[in-house]
Structure formats: structure tokens, C-alpha cells
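Trainee: Model the following, please.
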Amino acid sequence: MTYTLDQIATSLGLNVVGDGGLTVSSVAEPAMAGPDQLAMAMRPEFAEGIKDSQAQAAMMWEGADWQSYGLKAALLAPRPRYAMAGLSAMMDAGQGYAPGVHPSAVIDPTARLGPDVSVGPLAVIGAGAVIGDGSVIGPQVQVGWDAQIGAGAILHAGVKIGARVRIGARFIAHPGAVVGADGFSFVTPEPSSVEKVRASLGAEGTETSEGKDGQSWSRIHSLGAVSIGDDVELGANSCIDRGTVRDTQVGHGCKFDNLVQIGHNVVLGNDCMICAQVGVAGSSVVGNNVVLGGQSGVSDNLHIGDRAVLGGASVVLSNVPAGRVVLGYPAMKMDSHVESYKGFRRLPRLFRDVAELKKAVSKLAGND
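Mentor: Predicted coordinates for the structure are as follows:
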């Protein structure tokens, strides 16, 4: 894939300065760029590396003095990182998935595949499944009974889609992702120790009444499925569990990092950003445009308002209002958490000061 700078500028709506006829075949970090590569010099501190490279052209910020770096041309972007999204799509060579259906794939006769669907080796597509036009079903992917996947989907190696799952257009699932496994839902014949601890906030401990033995867990089957909107991306080894009675729901435009767990009956709004190792427990509702930072967790049956942001490793144990930024365990307003942390850091000095004061007071008392 080779493009002139003029072609890139036209496609991305950018300004090109200098020789727009220069061609590039890939991108590179500024210090490592060759003569046929576009140097990604998106900030002044990055651009310094151009002087040590063979780069002839670069992606730079608007107003950059590109000629001072010895370049023949530059693409100038008001928001270079945003421009990189479109540029990376143009330059992405993909995963090399072959067209057509591999001979080792197993496709039920009642499944329906749209035009130009690619099915890789050892893939399995179940009865009644519907795969939208132009989708890619990678190697060892399983699509369950009566599942529906919209047009333009890419399911990378080892993805599993459960029965009756409904997914919109342009879905991307990275290797090992699972949509539609049963929810983690179990119950005991009598109230369990966990239920008692939760009701009493730990005051009752875990002792059972009248010295009875512990109870066995009975499984609650997941009768719902999972419904996912358009333009959703699911990271490697992430899981979205099916609902107990109704579907677990994911809105349009949500983006998931790797190793994310979404519990049964959860409802996610549109355009949420869910970072790595996040867990959202069952029946919680997350609004639109919410960001859940890496390793953060949301307890069950909570509500996270629109545009809320959870800082990394935060643990939410109560509802979060719309627009709130929280941090810590338990999560609180970020500015309050920062003040608390500052106070915690001051404790050793405070203890030393108190000890000195005690000595001083003791000496005064002794003199009397």
C-alpha cells in the first residue's frame, strides 16, 4: 500500500505543505523513519528525532516549522492523534484472512452467510446463525445457534459467540473473546453466609445458625442472551455474560480493552470506554460516554451516570452521579481522594510531632 501525501491529505481532510507528490508506504517513529516512511512527529519533543533519521515527510501539528527539520513535505493536523486514527486505518495491512470458506470449516445448512463472508479454518457456525455481508469469521471461531452478527464484522481467532446473541454492524472481537457465556449466578436453599454478611455489613460473621453445615450452591440458568449495538470492539480474552431473564445490553460504539468481565443483566450505554481488567458486576447500569479506568470495578445493582470517569483501580460500591470523576477504594470524588491521600502521607510526620509534644509536656509536668 503506497499513497502520496496528497492522497492522504484528501482522505483525512488535512493540509499538506511542500511536495504533496511524495509517496509513503508505511509509518514510523521519527528517529527510525526511512525515506519511504511517514514520520509520526505529532509533538515538538517527538519531532527532534527526525534530525537523526532519513525521513522526507512527517505528520505534524498545525503551525509546525516543518522545513527546519529538513523535510520535503509534511501533513499538518489540528489534532494529530485524531488524524492518526484515520491514517492507521489506511496503512493497516490486516491479518491476511483469505476470501471464501475454508474446507475445514463446519457450517450448519440452516446458517445464512451474506455476500463476501470469509470463514477461516476450523470455524464452526451453528444452526440458524446469520452472518452479515463482508464479515470475517477467523480460524477456530464458534458462532452459536440462532446468533446474529451484522455486516462488516471481524471475529479474530478463537472468538466464541453464544446462542441467540444479537450483534450489530462492524463488530470487532479480538482473539479469545467470549460473548454469551452463562452468568455467574448461584443460590442456596437458605440464606447463605454471603447474604448475611452483606445484610449486616459483616457484623454477623460467617457462622451458620444452630451449628448447621454449609450449604451447596444451585445454579440459576441464564435464559437471556446478549444484545450489542453497532461499532463495538471487544478486546482479547474479554467476556460478556448473557442475562438471567432479559439480555445483557451493550450500546453503540463501546470499546473494550483486554481481559474485561461484564456480568449478567448489565446495561451499558453508548460510547463507553472500558479499559483493561475492568469488572462490572451483575445488573449494574452504566450510562453513556462513561470511562472505566484499568482494573476498576463496579459492584452489582449500581448506577453509573452519563460521562462519569472511574480512575484506574477504583472500586465503586455506591451509585456515581453523572459527570462525576472518582478514584480509590471505596471510590470517592477524585479531589477528595487526593486530599485524603495527602493526609495519609503526612501521618508519619504528624506522629513524630505528637511524640515530640508529649515529651515536651512530660518535661514541663516533671518540672512542676
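
Trainee: from here on, contacts and neighbour counts on C-alpha atoms
Mentor: Fine.

Trainee: could you pull out the helices for the stretch 1-150 of the chain?
Mentor: 5-12, 44-47, 80-91 (DSSP state H, counting those that start in this stretch).

Trainee: Likewise for the stretch 201-350 of the chain?
Mentor: 334-367.

Trainee: circling back: most packed of the helices of the stretch 1-150 of the chain?
Mentor: Stretch with highest mean neighbour count among the helices of the stretch 1-150 of the chain: helix 5-12 (a mean of 18; mean count of other Cα atoms under 10 Å).

Trainee: got any ranges where the stretch 101-250 of the chain has weak pLDDT?
Mentor: Along the stretch 101-250 of the chain, segments meeting pLDDT under 70 span 207-213.

Trainee: Hmm, G126 and D108 touching each other?
Mentor: Yes. With contact defined as Cα atoms under 8 Å, D108 reaches G126; the gap is 5.4 Å.

Trainee: any idea how far A281 is from A199?
Mentor: Look at A199 and A281: by Cα to Cα, to the nearest Å, they are 18 Å apart.

Trainee: of these two, who's got more company?
Mentor: The residue with more neighbours, out of A199 and A281, is A281; 21 against 11, by other Cα atoms under 10 Å.

Trainee: What are the structural domain limits within the protein?
Mentor: 3-91, 106-307, 337-368 (automatic domain parsing).

Trainee: Can I get these in CSV including distance to G100?
Mentor: Listed next are the domains of the chain as CSV, based on distance: least, Cα to Cα, whole Å:
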stretch, distance to G100
domain 3-91, 23
domain 106-307, 5
domain 337-368, 55
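
Trainee: Deepest in the core, which of these is it.
Mentor: domain 106-307 (a mean of 20).

Trainee: Pretty sure D133 sits against P115.
Mentor: Yes. In this structure D133 lies within contact range of P115 using Cα under 8 Å: 5.0 Å.

Trainee: returning to that earlier point: same list, the helices of the stretch 1-150 of the chain, but as a markdown table with distance to D247 and mean pLDDT please.
Mentor: Converted to a markdown table, those look like this (distance: least, Cα to Cα, whole Å; pLDDT from 0 to 100):
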| stretch | distance to D247 | mean pLDDT |
| --- | --- | --- |
| helix 5-12 | 38 | 97 |
| helix 44-47 | 47 | 94 |
| helix 80-91 | 32 | 95 |
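
Trainee: Select, out of those helices, the one closest to R352.
Mentor: Comparison of the helices of the stretch 1-150 of the chain against R352 by Cα to Cα identifies helix 44-47 as nearest, at 43.9 Å.

Trainee: May I have the closest one exported as PDB, CA atoms only?
Mentor: Extracted C-alpha coordinates of helix 44-47, given in PDB (Å, rounded to 0.1, in the frame of the first residue of the first chain):
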ATOM      1  CA  PRO A  44       7.700  19.000  19.200                       C
ATOM      2  CA  GLU A  45       9.600  16.600  21.500                       C
ATOM      3  CA  PHE A  46       8.900  13.800  19.100                       C
ATOM      4  CA  ALA A  47      10.000  15.800  16.100                       C
END
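
Trainee: which residues touch that helix?
Mentor: The contact list for helix 44-47 (Cα atoms under 8 Å, 6 or more residues apart in numbering) reads P30, M40, A41, M60, Y69.

Trainee: Let me know whether the first one touches Q56 as I believe.
Mentor: It stands for P30. No. Using Cα under 8 Å, P30 and Q56 do not qualify as a contacting pair, with a distance of 10.4 Å.

Trainee: re the thing from before, would TSV of the helices of the stretch 1-150 of the chain with distance to G214 be doable?
Mentor: Putting the helices of the stretch 1-150 of the chain into TSV (distance: least, Cα to Cα, whole Å) gives the following:
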stretch	distance to G214
helix 5-12	63
helix 44-47	62
helix 80-91	55
